[in-house]
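Take a look and give me a structure for this.
(3 chains)
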Amino acid sequence: MDNLKAFIQGVRSILAVHLFRAKVGHGLFWVSAGFLLLVASVVVSVSLKNQWNYKTFKPRGQAGLNFKNSTEMIEAGSLILGPNAGVSAICSAIAASGSGLMIQSGFPVFTKNVVFSVLLGFLLPLWCLTFAVEGLGAEREGKTLFWLFSKPVPRSSIYLGKFLAILPWVIIWSLGGFLFLAICAGDSGIIAFNLFWQPIAFACITYASVFFFMGACLPRASLIALAYAFVVETLLGSMPGSLKQLSVAFYARCIMFQKSSDLGVILEQGGGYGDFSQTMAICFMLGIALLFLVAGIFFFGKIELRGQR
Amino acid sequence: MGEIPVIHCRNLTKKFGPKTVLNNVSFEVYPGIIGLLGPNGAGKSTLIKLILGLDNPTSGDISLFGKTKVELAKIGFMPEAKAIIPSMKGYEFVAYAGELDGLKRTDALRRSHEILDCLGMGESRYRKLGEYSTGMIQKVKLAQALVHDPDLLILDEPTAGLDPPARNQMLDYLTYFARQQGKSIVLSTHLLGDVQTVCDQVVVLNFGVCLASCSLEQLVGNKSDSYLIEVAGNQIDVIAALGEKCLSAQDMGGFTKVFVRCGSSAEINRITSLVLSFGGVIKKFVPLEGNLDDAFFALLDKQRLAGN
Amino acid sequence: MAVNSLNSFLEYRPWNGLRNPAWMGAFAIMRESLKLIFTRKVFWVVFSLAVLNFLLYFFGQYLFFWVADQQPDGLVRVGGFGRANQNDMMQFLRSVLKMDGSPETFRNFINLQSRGIIVLLVLAGASLLGEDLNQGSLIFYQSKSGGMKNYIGGKFLAASFLVHLFATIPALFLFLEICFIDTWTYLLYNPRLLLGIIGYGFVINLGLVSLLFATVGFFRSTIGLIMCWAGVFFLLPSLCAIMIDRLRLNPVLRILDFWYCVERLGEKCLGASPTLLPGQTDQALNPWFAVASLGFVFTVTSILTMRIYFKQGIES
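Sure thing, here's the model as predicted:
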């Protein structure tokens, strides 16, 4: 009981000290911000051209044919069938409704191109990494852990307190970034944000937990974390087949896939994103987060500090 | 003095934005060991940067050996920062420094070994710098400053982090290179003891202002007319008889410490006979050593009072 | 007090020998930097991959000219694997692998090699430059007679040497190989190619090394370097692909893609026919835009480099 009390007290004091002193690696914050601005400017330029729709969108791997072409073909068909006024009217009606639909199709295009691929597969892991690895990693590298360890606070509460101190920043930065991109994309972006902020937030927590664990317990943590982000999240996560189930992004995509399916938009055919129900995916993500948190507390308690050079 | 000053600063001012780091600093120093003294943030490092020509003064100018153009090949600089390449071996690093200062590769290697021998570095020169202790790193840094045989050595905190034997050794090296090899050495430090041990001339900086630039004796020698007499027994009569001459007195139980001021040897004789005439036994009669600490703090105090 | 310990001194000797001019120091810096790189494992891994790629092209060329020498209509024995039709093989080597000594051969080869250079510089670049900034060794270089000019020069030479070691020199070897196994008329007919190889080498050199200087100077760590270069070599191309190939914005936007611009310029140097990236539908970028992009990157990175390396002083 006393142990628990000391633990909670420790977490509270660490949180109080470190919540507003979260450290970010030298220059890494600027890379994160730079990436956000870069993607945002691309999104803005697409929005300005009003291109968030299927009008000119070319699906992957199909040369030549796009939706604009096909509506034009239907219209052309109506001209050929000229004399028969009825057929022609039907054809142009189909064409008109088709192109109307296409202009309203910003949500799936934005989701597929920005949220599904760039944000979830590249930006989000890097953002979380920027904040989370340095949480205890900077103290380890800077040899200031000695100071923390000399305080009458259990190690487990140092770990948990530091984690809780960085978590809000990770979530604020990631969701804020997402919101920024969504606003840049206009209406379709706002729809996407309303629908997807939950899976993004869950993915954030999981990433934060994984990267925080790496920073606290592994040597050369930033390199390992970067390798993980690129190899597992970016590469494996976008591969066909079931290997991508290893990545955290997969479960976030599952939720997003099903949420948009409810709206009648199929984001990716045959990605296997329907295999996990939303609840299951959330459980998976939070489970991973918890697993790494517990493992981190365990290993962090066993860490031996090297002497100062 | 007819000599050319080693460093001659004229109205040197350096500003970083609105902050004045050096304010109208003028001094000239002559060959020998020159102590550059000042508390942290006094502007010592900035002054060194200007002497090395790594930065330009806002106004004023510096000449080294009478020339305004800095020839880095004639200067050896030992930085305060670690400034080593951890993956290099000791002798390689020194030779590398020599090469950067224009020595040919073979010459640089030979010189490197000579200097390291001279500094008493044995086989450890074949180890990587990353494995060196602070004392060895300081030696290698001194060696890399000496390898191209410069006329002027500028040493930034050469004794920082050294234990007392290593510190003494480092100071020995400095005296050796200055006295035997005729190098001029600028020793920037905030350790007053180092300066008092080895330096001939002192430049005192504080808040970017040059408070003093003179020989060490001039700075600390203000008290050379003070003497300490230890007289056996409690000698109240003597003290009373001395009157104004007595600065202060302390009863140490069994003997008395009397501090007196006397300007000439005649006066010394007079005081001695006075004490003897009261039947006192003089155990000790010594001049009070000038103390750099006192002189230094007196300078800082003076500046503070003037500021107020 | 000092005198006793001085007796053990070996005598210090003044030195009045000849001195090299100050700029020679740059070569010492280059030599030591390269030594540093050569002690890294990552160098040897990337280098062996690059050698494998070189050997592939070397023997690929050899095979092409050997097959071309066979009877015009016969079957060619391929080791113990049986026989293949000569025309089919020629066709395969020429249009699929493009190992026919054409400009495309050299373009593909150098493009592949430069991927290796990027990986090498990203992983070892921080130890080439960043450690001096972190260790505070910059002041060591500043206080030497050559100063920072030598430092920048020496490090530039070292990084350039790596670039040419991986790209230009093996490409020239391939060129020489073709001269030997074909005839020397190959050289007479393709002087442009020879110059193009060297030109492409220098374009890569300029682009990558200037980028390296600025990014290492700014981030000072491998992590920052990897993140930043991932942005340049991974995020930018995929953004361009989304904007141009899938959403049909103006193809000129591809000037954002720095590496595409470098490859486009190389293509122009060699006189190779433009290739389209997988999924790319627009026409290749006007090379002048590529020059502008490269020039912009070079200017910005140079300014950054100057600001970072020449403003560093003694930390007081």
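
Shouldn't residue C:225 be within a strand?
No: counting by DSSP: H, G, I helix; E, B strand; the rest coil, residue C:225 is not found in a strand; it is helix.

which residues does it contact?
C:122, C:125-126, C:130, C:215-216, C:219 (CB atoms under 8 Å, 6 or more residues apart in numbering or on different chains). C-beta: built from backbone N, CA, C; applies to glycine.

For chain A, tell me which of these show up nearby.
residue C:219 (CB under 8 Å from any CB of the partner chain).

Closest to residue B:185 out of the contacts of residue C:225?
residue C:130 (33.2 Å; CB to CB).

looking at it, that closest one is touching residue C:216, isn't it?
Yes: contact criterion CB atoms under 8 Å: residue C:130 and residue C:216 qualify, at 4.8 Å.

Neighbour count: those two, which is higher?
Legend: neighbour count by other CB atoms under 10 Å in any protein chain shown for residue C:130 and residue C:216, higher for residue C:216 (28 against 21).

what sits up against stretch B:219-233?
Under CB under 8 Å, 6+ apart, the answer for stretch B:219-233 is B:196, B:202, B:204, B:212, B:238, B:247, B:252, B:254-263, B:268, B:271, B:275, B:280-288, B:290-292, B:294-295.

Mean pLDDT per helix and strand in chain A: which one sits at the bottom?
helix A:67-80 (a mean of 58; mean pLDDT, DSSP states H and E).

can you tell me the helix or strand for residue B:187?
strand B:184-189 (DSSP states H and E).

Packing partners of the helix or strand just after that strand?
Downstream of strand B:184-189, the first helix or strand assigned by DSSP H and E is helix B:192-198. Judged by 3 or more CB pairs under 8 Å, 6 or more residues apart in numbering or on different chains; DSSP states H and E, helix B:192-198 is in contact with strand B:33-37, helix B:164-175, strand B:184-189, helix B:216-220, helix B:292-307.

Which positions within helix B:192-198 qualify as buried?
Neighbour-count burial for helix B:192-198, counted by 16 or more other CB atoms under 10 Å in any protein chain shown, picks out B:192, B:194-198.

same thing with stretch B:13-22?
B:14, B:20-22.

Stretch A:144-164 now?
A:145, A:148, A:153-163.

and of those, the nearest to chain B?
residue A:145 (22.1 Å; CB to the nearest CB).

Relative to residue A:263, how far out is the closest one?
49 Å (CB to CB, to the nearest Å).

show me the contacts for residue 161.
You didn't pick a chain, so chain A it is. Going by CB under 8 Å, 6+ apart, the list of residues near residue A:161 reads A:10-15, A:18.

my bad, the chain I had in mind was chain B
Contacts of residue B:161 (CB under 8 Å, 6+ apart): B:134, B:138.

How about residue A:268?
Contacts of residue A:268 (CB under 8 Å, 6+ apart): A:112, A:116, A:257.

Output the residues you listed in a markdown table, with neighbour count, secondary structure and pLDDT appended to each entry.
A markdown table is the format used below for these (neighbours: other CB atoms under 10 Å in any protein chain shown; DSSP: H, G, I helix; E, B strand; the rest coil; pLDDT from 0 to 100):
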| residue | neighbour count | secondary structure | pLDDT |
| --- | --- | --- | --- |
| A:112 | 19 | helix | 82 |
| A:116 | 25 | helix | 84 |
| A:257 | 24 | helix | 88 |
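
Now flag whichever of those residues is closest to residue B:6.
residue A:116 (70.3 Å).

The closest one contacts residue A:254, correct?
No: contact status for residue A:116 versus residue A:254: not in contact, 11.6 Å apart, counting by CB under 8 Å.

Below-threshold pLDDT in chain C: ranges please.
By pLDDT under 70, the low-scoring segments of chain C are C:1-10, C:71-74, C:77-82, C:275-283, C:312-316.

actually the stretch 151-300 of chain B, not the one I typed
Looking at the stretch 151-300 of chain B by pLDDT under 70, you get B:221-224, B:234, B:289-290.

Now with 90, please.
Residues of the stretch 151-300 of chain B that meet the criterion pLDDT under 90 lie in B:157, B:160-161, B:180-182, B:189-197, B:206-300.

Tell me who's in contact with residue 119.
Answering for chain A, as no chain was given. Contacts of residue A:119 by CB under 8 Å, 6+ apart are A:39, A:177-178, A:181, A:200.

hmm, I had chain B in mind actually
B:139, B:142-143, B:173.

Now the buried members of the contacts of residue A:161.
For the contacts of residue A:161, buried by 16+ other CB under 10 Å: A:10-11, A:13-15, A:18.

where along the stretch 1-150 of chain C do the helices fall?
C:3-6, C:25-38, C:41-69, C:86-91, C:103-125, C:131-135, C:138-142, C:147-166 (DSSP state H, counting those that start in this stretch).

ok, for residue A:163, nearest residue in space, not its chain neighbours?
residue A:212 (5.2 Å; CB to CB, 6 or more residues apart in numbering or on different chains).

Format the contacts of residue C:225 as a markdown table; extra columns: distance to residue C:70.
As requested, the contacts of residue C:225 are arranged in a markdown table below (distance: CB to CB, whole Å):
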| residue | distance to residue C:70 |
| --- | --- |
| C:122 | 44 |
| C:125 | 47 |
| C:126 | 51 |
| C:130 | 54 |
| C:215 | 51 |
| C:216 | 52 |
| C:219 | 55 |
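
Residue B:252: neighbour count?
Residue B:252: 10 neighbours (other CB under 10 Å).

What are the phi and psi values at the residue nearest to it when sequence neighbours are not counted?
Spatial nearest neighbour of residue B:252, chain neighbours left out: residue B:230 (7.9 Å); criterion: CB to CB, 6+ apart. Backbone torsions of residue B:230, given as degrees, to the nearest 10, read phi -110, psi 120.

now, which of the contacts of residue A:119 sits nearest chain C?
Nearest to chain C among the contacts of residue A:119: residue A:39, at 6.8 Å, using CB to the nearest CB.

roughly how far apart are the closest one and residue C:257?
Taking CB to CB, one finds residue A:39 at 14 Å from residue C:257.

Show me where the chain has its helices.
With no chain named, the answer covers chain A. Chain-ordered helices for chain A, with DSSP state H as the definition, fall at A:2-18, A:28-48, A:67-80, A:85-103, A:106-110, A:124-141, A:145-149, A:155-185, A:187-217, A:221-228, A:248-262, A:278-302.

nope, chain B
So, for chain B - with DSSP H - the helices run B:44-51, B:90-100, B:105-118, B:134-146, B:164-175, B:192-198, B:216-220, B:236-242, B:265-277, B:292-307.

taking the ones you listed together, which one is wrapped up most tightly?
helix B:90-100 (a mean of 27; mean count of other CB atoms under 10 Å in any protein chain shown).

any bit of that helix sitting next to chain C?
Yes: under the criterion of CB under 8 Å from any CB, chain C is reached by helix B:90-100 at B:96-97, B:99-100.

check those against chain A, which are close?
Within the residues of helix B:90-100 next to chain C, nothing lies near chain A by CB under 8 Å from any CB.

Widest-spaced pair of those residues?
So for the residues of helix B:90-100 next to chain C, where distance means CB to CB, the most widely separated pair is B:97 and B:99, at 7.3 Å.

anything in contact with each of those two?
residue B:108.

Phi, psi for the residue of the stretch 151-300 of chain B found nearest chain A please.
Closest residue of the stretch 151-300 of chain B to chain A, CB to the nearest CB: residue B:161 (12.6 Å). Residue B:161 adopts backbone torsions of phi 80, psi 10, taken as degrees, to the nearest 10.
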